[in-house]
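Undergrad: model the following, please.
(2 chains)
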Amino acid sequence: MRGARGKTVSDRLELTDGSRVGVVGGGPAGSFFSFFLLSMAESMGLDLTVDVYEPRFFTHRGPAGCNHCGGIISESLVQMLAAEGINLPPSVVRRGIDSYVLHTDQGEVRIQAPVDEKRIAAVYRGNGPRESEPVEAAGFDRHLLELSSSSGARVVRKLARSISWEDGRPRVTTVDGTASDYDLLVMAVGVNSQALNLFRDAAPGFTVPETQRTFICEFRLGVEVVRQWFGNAMHVFLLDLPRLGFAALIPKGDFVTLCLLGDDLDDQLVESVLGSPEVQQCFPGSVVPPMACHCRPHINVEAAVRPFADRMVWVGDCGVARLYKDGIGSAYRTAKAAARAAVFHGVSADDFKRHFWPACRALDTDNTIAKLVFGVTHLIQRSRVLRRGVVRMTAREQARPGGARRMSGVLWDTFTGSAPYRDILRRTMNPAFPLALAWNILAGSLPFGGMPNGGRTSNGQ
Amino acid sequence: MDNSALGHVYADGEVIVRQGEAGDCMFTLQEGRLEVLAHHEGRGEVPISIMEKGAIFGEMAIFEREVRSVTVRALGEARVLTIDKKSFLRRVQEDPSLAFNLVRIMSQRIRHLTEQLGERRAGADRRSLGDRRQADRRTRP
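TA: Numbers count the residues shown, from 1 in each chain, chains lettered A, B, ... in the order given. Down below sits the predicted model:
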């Protein structure tokens, strides 16, 4: 019997009862993939075995248990996970975020969430920074790994050492020499793992994604100080510093996380950010405390080439990720797309190209638009007049409940990663947007055209 | 209840959705319990069920442009997360499997309602049979 594309049915690469699936990496992408694969397979009456190779327990504090990330779960992802029946308990969410405070040298403005509710989650990927108190709370990665384990995946606490091919099937060999063959192998290793380079030649045509270094550090302030000084708001900074793209302070329990994006983030640039008045005034006494923990992880800034092959697929940021935002959301999308392709279509390169790659391509295309959006953000950072116009327009929108929130909406979605970049760009194309911005730039430069509350519209300080 | 957790905390007795109002979102119960009530002419508010942590409700507003069919209010403090209709439907266009969980929940509700309807019908049949027997006894000489 011949299939639609000329292959006999028995030749088709597909998962059947008893098929074995290996997943290298138990971070969000690996856990999401395992969870959705098993859940979809169950609904199709398909009995699969899934092994997730993850040597870490995510129970250690500090770098040993951490996946080095800012740890923000976007508004859209929180909602979609809830619709999937995956809820994030208070033990995982270190703080729910309901607003953003934009800080510039022209003033600061608080942008409230579109609904009166905390729908952005600040989490730790591991079990908290170095020097944090031992707590029962589970990190986000551990929570997801337990979820995939409870849905039937077997977590293999061993490091995968090599990947080879045996009779057309991928074989994983662990550090203790144990070898296992699979009908499908999923690479979910992340861009900060040695495994990505180790396994870069595992399949023909695959090229690792381009990455950029970021800077992340933690400040320990105590839960009460964090509550009083940062509240449920993420603080973002438009600072006119060369090479700096984005800076944000994220409150989490006892700590505040600083995330920096930019080119060549060296110690001097970090010092410049920490020395800026906009950042310093966020801390009690305008004194930035010493860092409790810091790292310089990579992020994916250019998609991998051909992250799929016969019986093999790359998910999460070792394949394709949204530019600068919502890395965990990208892991969810690509992992789920790979699981759908594997269960409902097949595991050949052609199946992944038809049914997995479109989800990746959509992210990749949106990233092209993102470069334009961030280019404009960069211009605003560099221009005092534009910064003043943006802050003025946002402050006036926030002071008028129920009115049009053009700038607030654009900034909210740019900062939170809640909407595709193409939607953000489309909204800025509305003639009312540039007109309103132009008016605010003009009015802001007039002597009587000051900002509501003198440009300090944030509460509490 | 943890005020830094996700969602919105409702006080005891506070209404989350009101029967007859238009809706453009659905909800998930993150923590606590909720009471479902239906208003009937002449009988006032009739309790329908209690929802526990993890429950999804208000999903009919996602698929229909009808008003809310019941009132839901907090039974003690409850933490609830809102899911926007627009965001959800946009994502369903990209990933139809996102609706699986909702379809499963709605299917469970139909099964539950069918069982309840069956039990009610059986009870009504038993009552009607009893009434007929009584009437027969009364008319017998």
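Undergrad: could you use CA atoms for every contact and neighbour count after this?
TA: Will do.
Undergrad: can you tell me what sits against the helix or strand where residue B:9 lies?
TA: Under DSSP states H and E, the secondary-structure element containing residue B:9 is strand B:8-10. Strand B:8-10 is contacted by residues A:116-118, B:1, B:3, B:16, B:74, B:77-81 when judged by Cα atoms under 8 Å, 6 or more residues apart in numbering or on different chains.
Undergrad: where are the low-confidence patches of chain B?
TA: B:141 (pLDDT under 70).
Undergrad: would you map the helices across it?
TA: Assigned by DSSP state H, the helices in chain B fall at B:60-63, B:85-94, B:100-139.
Undergrad: which one of these lies nearest to residue A:220?
TA: Residue A:220 lies closest, by Cα to Cα, to one member of the helices of chain B: helix B:85-94, at 35.7 Å.
Undergrad: hmm, the closest one touching chain A?
TA: Yes - Helix B:85-94 reaches chain A (Cα under 8 Å from any Cα of the partner chain) through B:87-88.
Undergrad: show me what contacts the most centrally placed residue in chain B?
TA: Central residue check for chain B by Cα atoms, centre = their mean: the C-alpha nearest the mean position is that of residue B:36, 5.9 Å away. With contact taken as Cα under 8 Å, 6+ apart, residue B:36 is in contact with B:47-51, B:70-73.
Undergrad: how far away from the center of its chain is stretch A:273-289?
TA: 26 Å (Cα atoms, centre = their mean, to the nearest Å).
Undergrad: burial measure for residue A:74, as a count.
TA: 25 (other Cα atoms under 10 Å in any protein chain shown).
Undergrad: that one contacts residue A:330, correct?
TA: No - here residue A:74 does not reach residue A:330: they are 10.5 Å apart, not a contact under Cα atoms under 8 Å.
Undergrad: related to what we said a few turns ago, of the contacts of residue B:36, which count as buried by neighbour count?
TA: Neighbour-count burial (16 or more other Cα atoms under 10 Å in any protein chain shown) applied to the contacts of residue B:36 gives B:51, B:70-73.
Undergrad: is the residue nearest to the centre of chain B in a bridge, and if so with what?
TA: Note on residue B:36: beta-bridge partners residue B:49, residue B:72, judged by DSSP bridges.
Undergrad: distance of it relative to chain A?
TA: 20 Å (Cα to the nearest Cα, to the nearest Å).
Undergrad: can you go through the contacts of strand B:8-10 and name the buried ones?
TA: A:117-118, B:74, B:77-81.
Undergrad: possible to save those as CSV with distance to residue A:96?
TA: Formatted as CSV, the buried ones among the contacts of strand B:8-10 follow (distance: Cα to Cα, whole Å):
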residue, distance to residue A:96
A:117, 9
A:118, 5
B:74, 21
B:77, 18
B:78, 16
B:79, 12
B:80, 13
B:81, 11
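Undergrad: what's the most distant pair in those residues?
TA: A:118 and B:74 (18.1 Å).
Undergrad: what does chain A put close to chain B?
TA: A:76, A:79-80, A:82-85, A:87-90, A:93-97, A:116-121, A:232.
Undergrad: domain assignment for chain B?
TA: The record's domain parsing of chain B by automatic domain parsing lists B:1-85, B:95-134.
Undergrad: and those: which comes nearest residue A:164?
TA: So among the domains of chain B, domain B:95-134 is nearest, using Cα to Cα, at 33.0 Å.
Undergrad: and chain A, is the closest one touching that?
TA: Yes - applying Cα under 8 Å from any Cα, one finds domain B:95-134 touching chain A at B:98-102.
Undergrad: now do that domain: distance to the chain's middle.
TA: Worked out by Cα atoms, centre = their mean, domain B:95-134 lies 13 Å from the chain centre.
Undergrad: what about stretch A:148-161, start to end distance?
TA: Start-to-end span of stretch A:148-161 (Cα to Cα, to the nearest Å) is 23 Å.
Undergrad: mind listing what's buried in it?
TA: Those would be A:148-149, A:151-156, A:158-161, for stretch A:148-161 by 16+ other Cα under 10 Å.
Undergrad: touching that stretch from outside, list them.
TA: Taking Cα under 8 Å, 6+ apart as the rule, stretch A:148-161 contacts A:24, A:31-32, A:34-35, A:38-39, A:49-56, A:172-175.
Undergrad: mean confidence score for it?
TA: Mean pLDDT, computed over stretch A:148-161, is 96.
Undergrad: closest one of the buried ones among the contacts of strand B:8-10 to residue A:340?
TA: residue B:81 (26.9 Å).
Undergrad: partner residues bridging that closest one?
TA: Applying DSSP bridges, one finds that residue B:81 bridges with residue B:28.
Undergrad: still on that earlier bit, in helices, which of the buried residues of stretch A:148-161 appear?
TA: Reading helices off those with DSSP H, I get A:148-149.
Undergrad: secondary structure class for residue A:440?
TA: helix (DSSP: H, G, I helix; E, B strand; the rest coil).
Undergrad: tell me how many other residues surround it.
TA: 25.
Undergrad: equivalent analysis for residue A:172, please.
TA: With other Cα under 10 Å as criterion, residue A:172 counts 24.
Undergrad: could you verify that it is part of a helix?
TA: No - under three-state DSSP, residue A:172 falls outside any helix and is assigned strand.
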